[in-house]
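# I'll drop the sequence and a predicted model, then ask my questions.
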Amino acid sequence: MAGMQRRRLMVWLLSVLGGLAALLALAASSLWLYLNPVPAGEQVFINGHILTMDDSNTVVEAIRIEGERIVATGTKEAILQQASDQADIIDLQGKTVTPGFIEAHGHFPGSGLKAVAEDVTSPPVGTVLTIGDVLERLRERARDTPPGEWVIGYGFDDSLVAEHRFMTREELDTVSTEHPVFVLHVSAHMAVINSRAQAVVGINQDTVDPEGGEIVRNAAGELTGLLLETAHDPVRDMAFDFSAFHNLKIVRTSVDDYVSQGVTTVQSGKATESFYRPLNLLSRLGVIPQRVIVWPDLDLASAIDSGDIARHDSGKLSVGALKLTTDGSIQGYTGYLSAPYHKTPSERNADYRGDPVMKADKLRAVVSEWHGKGWQLALHANGDAAIDNVLSAVEAAQKQSPRPDARHVIVHAQMSRSDQLETMQSLGVTPSFFPAHVYYWGDRHNALFLGEERAARISPLKSAADYGVRYSIHLDTPVVPIQPLLLAWSAVQRETSGGQVLGLEERISVMQALRAITIDAAWQVFQEDNRGSLEAGKYADFVVLSDNPLDNASRLHQLTVEQTWIGGVPVYNSNN
């Protein structure tokens, strides 16, 4: 009898466990389907104003999709004749459709930093007006942070606070002596830390400056807490070593930011090995619906090139160019110029023109090596002296190992001169400009950093087009918010946040600006065969806009994204 009871109990336990396993399997399956929705078999969109961005900038009324791919575009009548009886018919009611926007250069999921760190940006992005505002926000963050954990602020701009300076190490010590405090500059090329952070990372009076960086000291030789360029890199990496839970919050926040702005392809620039693996996993799981282009740093590229880490290349995630940094930022006074800054900080000499992060001989050696290996390179260069170094390195590499279509990218290319644009055209180099600099920093470029003549020449899009140089435009998010329509407006209008027009002669058309965030951006990263325009065979990645961007160039930045579709699946609807 006892044996029978034991057998019945065992059968009952097995049935319960089997039921739990079935429930878990069902839950996992449901979660997978939620994260990876399957597009409808056939969808037909009619009565639209569809900007295809094909070679002729064709505008059509209708588009037909099967699964995740476009199969046809054309008139409403022609497309409906092709459609089967089972097709889903979606009436666009005259709305304008464009290809999904492509982030030509950025640091996804950096915009999600706001989920775990303190926003200390100033107008026109944020509301911080003084160093006191920054300190108070960080104190509030510290009160909610367990002792010993990092307190992080981001987006600080010394040229916009009333004091027109960086906060000091001692001021950050008033935030907390129990927490390491890290405040990232808006340029993402420097940071300020408190005494606790210095102790945690091992910086002291005897620490020497790293190559390409500076641990800033005052006139008495004491550490100020300010770290420039490569000096801040290891501290940033330590401060940003988030838990898995926090990383997931960052990613989900950033995903929402991007889909709400119509961005269907994102980029993770200068990605490290520790970041690449979880990014790849989250993409494969469907947590990230966008298509991801990874630009690895030198260490990650080396591991991929040697085969120690797999090089992924799928429809959802691919490895692109090796990202190198050759100088800093103009607004941080670390961009490398051929002539001195217009007005230099008091601690700098009058002839100060910045310094290269990577010296010319080293840059030439690295570019030649990786060009010879067949890699595309993306080289950050803001100042024209830095651009000279990049072009010289690419020219030497091409002479050593000729490649007909390397498409090496100069990231930002902000101070490009006419002679440099001509050289880019002859070498097949493609710039990715940051014309929103005009809006966010144009007034200060004019008054402080560059002076009127040079400021009017930043991001010379019209000149680049005149020289036959194909380019993209980008926002470098999280340096500024991900707002592609404001980016396009900046390229078209060149209006500063103060309402002045900076460089009227470098304005481009709305269509040119839209191409620079769609098909030209896709071309720049060798993805033009599958995205960037609405043509048969390409992914059904597109956005539905509130109005037609071609109707009023001055209102381009006021348009909103009503829907975002990726691979034939709606991932954002402003009405939901």
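Ah, there it is.

# which of the residues in the longest strand along the chain are buried?
For the chain, the strand reaching the highest residue count under DSSP state E is reported as strand 263-271. Residues of strand 263-271 classed as buried by neighbour count (16 or more other C-beta atoms under 10 Å): 263-271. Every C-beta, even on glycine, is put in place using the N, C-alpha and C of the backbone.

# could you give me the average pLDDT of that strand?
Across strand 263-271, pLDDT averages out at 96.

# returning to what we had before: now the buried residues of strand 263-271 in TSV, with distance to residue 109?
TSV is the format used below for these (distance: C-beta to C-beta, whole Å):
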residue	distance to residue 109
263	12
264	15
265	14
266	8
267	11
268	8
269	12
270	14
271	11
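
# Between these, which sits nearest residue 351?
residue 270 (30.8 Å; C-beta to C-beta).

# Work out which residue lies at the spatial centre of the protein.
Most central in the chain under C-alpha atoms, centre = their mean is residue 106, positioned 1.4 Å from the mean C-alpha point.

# Can you show me the helices along the stretch 151-300 of the chain?
169-173, 195-201, 233-239, 244-260, 273-285, 298-306 (DSSP state H, counting those that start in this stretch).

# rewinding a little: who are the packing partners of the longest strand of the chain?
For strand 263-271, the packing partners by 3 or more C-beta pairs under 8 Å, 6 or more residues apart in numbering; DSSP states H and E come out as strand 101-102, helix 273-285, strand 291-296, strand 322-325, strand 561-566.

# so which of those is the most packed in?
Neighbour counts (mean count of other C-beta atoms under 10 Å) averaged over each of the helices and strands packed on strand 263-271 peak at strand 101-102, with a mean of 30.

# what stretches of the stretch 1-150 of the chain score poorly on pLDDT?
Applying pLDDT under 70 to the stretch 1-150 of the chain flags residues 1-34.

# the strands in it, which residues?
Under the criterion DSSP state E, counting those that start in this stretch, strands of the stretch 1-150 of the chain are mapped to 42-46, 49-51, 59-60, 62-66, 69-74, 88-91, 96-99, 101-102, 118-119.

# Name the surrounding residues that touch the fifth one.
Here strand 69-74 makes contact (C-beta atoms under 8 Å, 6 or more residues apart in numbering) with 50, 52, 58, 60-65, 78-79, 82, 534-540, 568.

# cutoff 10 Å now
39, 42, 44-45, 50, 52, 54, 58-66, 78-83, 99, 530, 533-542, 567-568 (C-beta atoms under 10 Å, 6 or more residues apart in numbering).

# and the angle for it with strand 62-66?
Using axes from the mean of the first three to the mean of the last three C-alpha atoms, to 10 degrees, the direction of strand 69-74 lies 160 degrees away from that of strand 62-66.

# In strand 69-74, which residues are buried?
Counting neighbours by 16+ other C-beta under 10 Å, strand 69-74 gives 70-74 as buried.

# re earlier: how about the helices of the stretch 151-300 of the chain, which one is nearest residue 511?
Ranking the helices of the stretch 151-300 of the chain by proximity to residue 511 (C-beta to C-beta) places helix 244-260 first, at 23.2 Å.

# Strand 561-566 and that closest one, what's the angle between them?
Using the same axes, to 10 degrees: helix 244-260 against strand 561-566 is 120 degrees.

# in the protein, which segments are predicted with low confidence?
Ranges of the chain meeting pLDDT under 70: 1-34.

# That one - how does it break down into domains?
Split into domains by automatic domain parsing, the chain comes to 117-239, 249-530.

# Look at the last one and report the distance between its end residues.
Just to be clear, that refers to domain 249-530. Terminal residues of domain 249-530 lie 30 Å apart, using C-alpha to C-alpha, to the nearest Å.

# do the same with stretch 157-167
Start-to-end, stretch 157-167 (C-alpha to C-alpha) is 10 Å.

# Repeat that for stretch 482-501.
22 Å.

# Buried residues of that stretch, list them for me.
So, applying 16+ other C-beta under 10 Å, buried residues of stretch 482-501: 482-496.

# tell me the contacts of the residue nearest to the centre of the chain?
254, 258, 263, 266-269, 293, 295, 474-480, 482.

# how about a cut-off of 7 Å?
266-267, 269, 474-477 (C-beta atoms under 7 Å, 6 or more residues apart in numbering).

# State the pair within those that is farthest apart.
Pairwise distances across the contacts of residue 106 (C-beta to C-beta) peak at 12.6 Å, for the pair 266 and 476.

# Against residue 384, how distant is residue 159?
21 Å (C-beta to C-beta, to the nearest Å).

# all strands for the stretch 351-500 of the chain, in order.
Listed in chain order, the strands of the stretch 351-500 of the chain (DSSP E, counting those that start in this stretch) span 377-381, 409-412, 430-433, 472-473.

# strands paired with the second one, and their directions?
Translated: strand 409-412. strand 377-381 (parallel), strand 430-433 (parallel) (DSSP bridges).

# and that strand, how far out from the chain's middle?
In terms of C-alpha atoms, centre = their mean, to the nearest Å, the centre of strand 409-412 is found 13 Å from the chain centre.

# Identify the residues contacting that strand?
By C-beta under 7 Å, 6+ apart, strand 409-412 touches 105, 321, 378-382, 387, 390, 429-432, 434, 524.

# with those in mind, which one is nearest to residue 243?
residue 105 (27.8 Å).

# Not counting its neighbours along the chain, what's nearest the closest one?
residue 474 (4.0 Å; C-beta to C-beta, 6 or more residues apart in numbering).

# thinking again about what came up before, let's have the helices and strands packed on strand 263-271 in CSV, adding distance to residue 402.
Output for those, formatted as CSV (distance: least, C-beta to C-beta, whole Å):
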stretch, distance to residue 402
strand 101-102, 29
helix 273-285, 31
strand 291-296, 24
strand 322-325, 19
strand 561-566, 38
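
# Figure out which of the ones you listed is closest to residue 424.
strand 322-325 (16.8 Å).

# Quick check: neighbours of that closest one in the sheet, parallel or antiparallel?
Going by DSSP bridges, the partners of strand 322-325 are strand 377-381 (parallel).

# neighbouring contacts of the strand it pairs with?
With C-beta under 7 Å, 6+ apart as the test, strand 377-381 has contacts from 295, 321-327, 367, 370-371, 387, 390, 408-413.

# isn't residue 457 right up against residue 505?
No. With contact defined as C-beta atoms under 7 Å, residue 457 does not count as touching residue 505 (9.1 Å).

# So for those two, which sits in the more crowded spot?
Higher neighbour count among residue 457 and residue 505: residue 457, with 20 against 10, using other C-beta atoms under 10 Å.

# What's the local residue count around residue 89?
Residues contacting residue 89 under the criterion other C-beta under 10 Å number 14.

# looking at the sheet around it, what are its partners?
Beta-bridge partners, per DSSP bridges, of residue 89: residue 44.

# Would you check which pair of the buried residues of strand 263-271 lies furthest apart?
264 and 270 (21.7 Å).

# Just the terminal-to-terminal distance for stretch 63-70.
7 Å.

# Give me the distance from it to the chain's centre.
28 Å.

# repeat for stretch 225-245
Taking mean C-alpha positions (C-alpha atoms, centre = their mean), stretch 225-245 and its chain are 18 Å apart.

# Could I have the CA atoms of it written out in PDB?
What follows is stretch 225-245, C-alpha atoms only, in PDB (Å, rounded to 0.1, in the frame of the first residue of the first chain):
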ATOM      1  CA  GLY A 225      39.600  66.800 -11.100                       C
ATOM      2  CA  LEU A 226      39.400  67.600 -14.800                       C
ATOM      3  CA  LEU A 227      40.500  64.800 -17.200                       C
ATOM      4  CA  LEU A 228      40.900  65.500 -20.900                       C
ATOM      5  CA  GLU A 229      40.500  63.000 -23.700                       C
ATOM      6  CA  THR A 230      42.300  59.700 -23.100                       C
ATOM      7  CA  ALA A 231      42.800  60.600 -19.400                       C
ATOM      8  CA  HIS A 232      39.100  60.200 -18.800                       C
ATOM      9  CA  ASP A 233      38.600  57.000 -20.800                       C
ATOM     10  CA  PRO A 234      39.500  54.400 -18.000                       C
ATOM     11  CA  VAL A 235      37.500  56.400 -15.400                       C
ATOM     12  CA  ARG A 236      34.500  56.500 -17.700                       C
ATOM     13  CA  ASP A 237      34.700  52.800 -18.300                       C
ATOM     14  CA  MET A 238      34.800  52.100 -14.600                       C
ATOM     15  CA  ALA A 239      31.900  54.500 -13.900                       C
ATOM     16  CA  PHE A 240      29.800  53.000 -16.700                       C
ATOM     17  CA  ASP A 241      30.400  49.400 -15.600                       C
ATOM     18  CA  PHE A 242      26.700  49.000 -14.900                       C
ATOM     19  CA  SER A 243      24.800  46.000 -13.600                       C
ATOM     20  CA  ALA A 244      22.900  43.800 -16.000                       C
ATOM     21  CA  PHE A 245      19.600  45.300 -14.700                       C
END
